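*Asks:* generate a structure from the sequence data that follows.
(one chain, ligands or ions: 1)
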Amino acid sequence: MAAANKPISIEVWNPSGKYRVVSTKSMPGSRWIRLLTENDCRLEICTEPKTILSVEDILALIGNRCDGVIGQLTEDWGEVLFSALKRAGGTAFSNMAVGYNNVDVEAANRNGIAVGNTPFLKANGEKPVTWKRAATMEDVLREADVISLHPVLDKTTYHLINPERLAIMKKEAILVNASRGPVIDEVALVEHLKANPMFRVGLDVFEDEPYMKPGLAEMKNAVVVPHIASASKWTREGMATLTALNVLGRIKGYPAWGNPNLVEPFLNENATPPPACPSIVNAKQIGLPSAKL
Ligand SMILES: NC(=O)c1ccc[n+]([C@@H]2O[C@H](COP(=O)([O-])OP(=O)(O)OC[C@H]3O[C@@H](n4cnc5c(N)ncnc54)[C@H](O)[C@@H]3O)[C@@H](O)[C@H]2O)c1
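*Replies:* Numbering: from 1, shown residues only. As a prediction, the model looks like this:
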């Protein structure tokens, strides 16, 4: 079915490379390309002008033989894609993102595919803000003037901010969400913004990204930006490097790096990266050993 799709436009690097790696999108910088091509990978970068590739598009990219794929968080990585990648001889996938709520990790485990992510790179700049611990989330919501949401998105955090919780927040509070859209019930948020003109929200992410729920775009007390929280050149190029090294490391049979919060050694432009996969979220489940740090 997929193979019958119209061909997808690609850009090929190092055509004679032994390992076939596909990136579903172009990524910032060139180090990630160099790291792959200098390590015997034939790299195919999808150049389709589409914002989001469908499962069928990605099946066509994977084709009959593919060692690893670099993907984006807008894509639906589940059984269909992981089993196709396995049939094509692949063992490696990496999301070019910190979160991986678009990935069915259990499906990857079943197919023996390593799933990489790009743990957040320590910001170079601002000092951290001060904080105090509260006993419950409700206490935080009642007391805080500014609430910034940073959880992973999973079933425990889906609609974490719901009508009941919005109702206990200060009328003039500021709510910020740069994690994942579905952490907030966006329909309820629009109603709350309408009813409470002094309540303000800053959103980097949206429930039906890239779309917004009706009414949100018109709200004067909502500031919206298009998922750019990690959009500095340094961060995005670093993420591209980590993504490529997750896929390359798995293809080369390297172990998983022991501490995904300490990935600086992979980012030094002037040194060869350590022989490890920087961040594999299902390393244990697929039996990938841990590198000795
Ligand atoms: N907007 C962007 O560009 C952007 C960039 C990076 C990360 N993100 C998103 O932000 C998320 C967090 O990133 P991170 O680097 O801080 O990840 P992290 O894994 O370091 O932190 C996630 C935190 O969520 C907490 N958590 C889990 N379940 C919870 C629950 N039910 N209630 C409250 N807290 C809960 C965990 O304890 C953990 O402290 C990512 O998973 C990703 O979805 C967005």
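*Asks:* isn't residue 147 up against residue 175?
*Replies:* Yes: shown here, residue 147 and residue 175 form a contact pair, counting by C-beta atoms under 8 Å, at 5.3 Å. Where C-beta positions appear, they are placed from N, C-alpha and C, glycine not excepted.
*Asks:* now the common contact residues for those two.
*Replies:* residue 169 (C-beta atoms under 8 Å, 6 or more residues apart in numbering).
*Asks:* more neighbours, those two?
*Replies:* Higher neighbour count among residue 147 and residue 175: residue 175, with 23 against 19, using other C-beta atoms under 10 Å.
*Asks:* isn't there a strand covering the more buried one?
*Replies:* Yes: according to DSSP: H, G, I helix; E, B strand; the rest coil, residue 175 belongs to a strand.
*Asks:* quick check: it vs the ligand, distance?
*Replies:* Counting by C-beta to the nearest ligand atom, to the nearest Å, the gap from residue 175 to the ligand is 15 Å.
*Asks:* where does the chain dip in pLDDT?
*Replies:* 1-6, 122-130, 293 (pLDDT under 70).
*Asks:* now stretch 34-44: buried residues?
*Replies:* 34, 35, 36, 37, 39, 41, 42, 43, 44 (16 or more other C-beta atoms under 10 Å).
*Asks:* kindly report the same for stretch 228-236.
*Replies:* For stretch 228-236, by 16+ other C-beta under 10 Å, it's 229, 230, 235, 236.
*Asks:* the ligand: which of those is nearest?
*Replies:* residue 229 (3.4 Å; C-beta to the nearest ligand atom).
*Asks:* doesn't residue 204 make contact with that closest one?
*Replies:* Yes: using C-beta under 8 Å, residue 229 is in contact with residue 204, at 4.8 Å.
*Asks:* shared neighbours of the two, which are they?
*Replies:* residue 178.
*Asks:* show the residue spans covered by the helices in the protein.
*Replies:* 31-37, 55-62, 79-87, 105-110, 137-143, 163-168, 186-195, 233-251 (DSSP state H).
*Asks:* which elements pack onto the longest one?
*Replies:* Applying 3 or more C-beta pairs under 8 Å, 6 or more residues apart in numbering; DSSP states H and E, we find helix 233-251 packed against strand 19-23, helix 31-37, strand 68-71, strand 92-95, strand 114-116.
*Asks:* in this protein, what residue is nearest the ligand?
*Replies:* For the chain, C-beta to the nearest ligand atom, closest residue to the ligand: residue 99, 2.5 Å.
*Asks:* which phi and psi values does that residue adopt?
*Replies:* With angles defined as degrees, to the nearest 10, residue 99 sits at phi -80, psi 160.
*Asks:* and it, how many neighbours does it have?
*Replies:* 18.
*Asks:* was I right about it contacting residue 152?
*Replies:* Yes: counting by C-beta under 8 Å, residue 152 is a contact partner of residue 99 at 6.0 Å.
*Asks:* which residues do the two both contact?
*Replies:* Common neighbours of residue 99 and residue 152 (C-beta under 8 Å, 6+ apart) are 179, 180.
*Asks:* which one is residue 146 nearest to, not counting chain neighbours?
*Replies:* Ranked by C-beta to C-beta, 6 or more residues apart in numbering and with sequence neighbours excluded, the top spatial neighbour of residue 146 is residue 174, at 4.6 Å.
*Asks:* list the contacts for the one you found?
*Replies:* 145, 146, 147, 199, 200, 201, 202.
*Asks:* and for the fifth one, the neighbour number?
*Replies:* It stands for residue 200. 18.
*Asks:* surely it and residue 224 touch.
*Replies:* No: between residue 200 and residue 224 there is no contact under C-beta under 8 Å: 11.7 Å.
*Asks:* anything in contact with each of the two?
*Replies:* By C-beta under 8 Å, 6+ apart, no residue touches both residue 200 and residue 224.
*Asks:* near the ligand, which residues of the stretch 151-293 of the chain show up?
*Replies:* 151-153, 156-157, 178-180, 204-205, 227, 229-230 (C-beta under 6 Å from any ligand atom).
*Asks:* can I have the buried ones of the residues you listed as a ChimeraX selection?
*Replies:* Buried subset of these, written as a ChimeraX selection, criterion 16+ other C-beta under 10 Å:
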select :153,157,178,179,180,204,205,227,229,230
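*Asks:* which ones are touching residue 244?
*Replies:* Contacts of residue 244 by C-beta under 8 Å, 6+ apart are 21, 27, 32, 33, 35, 36, 70, 94.
*Asks:* which residue, other than its chain neighbours, is closest to the fifth one?
*Replies:* Spelled out, it's residue 35. residue 244 (5.4 Å).
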